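A.B. asks: just a sequence and a predicted model for now, questions to come.
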Amino acid sequence: MVPEDAQVFVISVAAELAGLHPQTLRQYDRLGLVSPGRARGRGRRYSLRDIASLREVQRLSHEEGINLAGIKRILALESEVHRLRNQVEILRALAEPGHRVFTAGPGGEVVAVPRGRRPARTTAPGTLVLWRPTPR
């Protein structure tokens, strides 16, 4: 089975799987709606996840009547929700007993700091370090 994010399909195959014309895929790429990977020769390579996104763009456009700018915003918001849900899961895991410290970098990433070890003073500028008090 092909992994969902493996970029293996050329544009003609991806277009057929998504039920779209290859030119539509090129337009969606130019607009930033679905951005496939690139092969060495700069040819587009689509993953199963990309094909699912292409189908969703088509559905939103045809069934819901949403324009491409609106679809782009919807996809960006869904991506942000997914990223934030992952961050919440990380924070929940860090809230378990024995995980008292975590850092949040300037890009919003969360990094666990092992128990009993504080980050070095060489922490990148803009990094926020939070400690949860130990119950007594």
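C.D. replies: Received the coordinates, thanks. Numbers count the residues shown, from 1 in each chain.
A.B. asks: avg pLDDT for stretch 94-111?
C.D. replies: For stretch 94-111, the mean pLDDT works out to 66.
A.B. asks: and what of stretch 10-24?
C.D. replies: For stretch 10-24, the per-residue pLDDT averages 95.
A.B. asks: how about that stretch: buried residues?
C.D. replies: Going by neighbour count (16 or more other CB atoms under 10 Å), the buried part of stretch 10-24 is 11, 14-15, 17-18, 20, 22. For the C-beta atoms, the positions are set from N, CA and C on the backbone; glycine is no exception.
A.B. asks: domain map for the protein?
C.D. replies: 1-94, 97-136 (automatic domain parsing).
A.B. asks: coming back round to it: so of the buried residues of stretch 10-24, which ones are in helices?
C.D. replies: 11, 14-15, 17-18, 22 (DSSP state H).
A.B. asks: what's the closest of those to Gln58?
C.D. replies: Checking these against Gln58 with CB to CB, the nearest one is Ala18 at 7.1 Å.
A.B. asks: how about the closest residue to that closest one other than its chain neighbours, secondary structure?
C.D. replies: Using CB to CB, 6 or more residues apart in numbering and skipping the chain neighbours, the partner closest in space to Ala18 is Leu54 (4.0 Å). Following DSSP: H, G, I helix; E, B strand; the rest coil, Leu54 is assigned to helix.
A.B. asks: name the single longest helix found in the protein.
C.D. replies: From DSSP H, the single longest helix across the chain is helix 68-94.
A.B. asks: what is that one packed up against?
C.D. replies: helix 48-62, strand 110-113 (3 or more CB pairs under 8 Å, 6 or more residues apart in numbering; DSSP states H and E).
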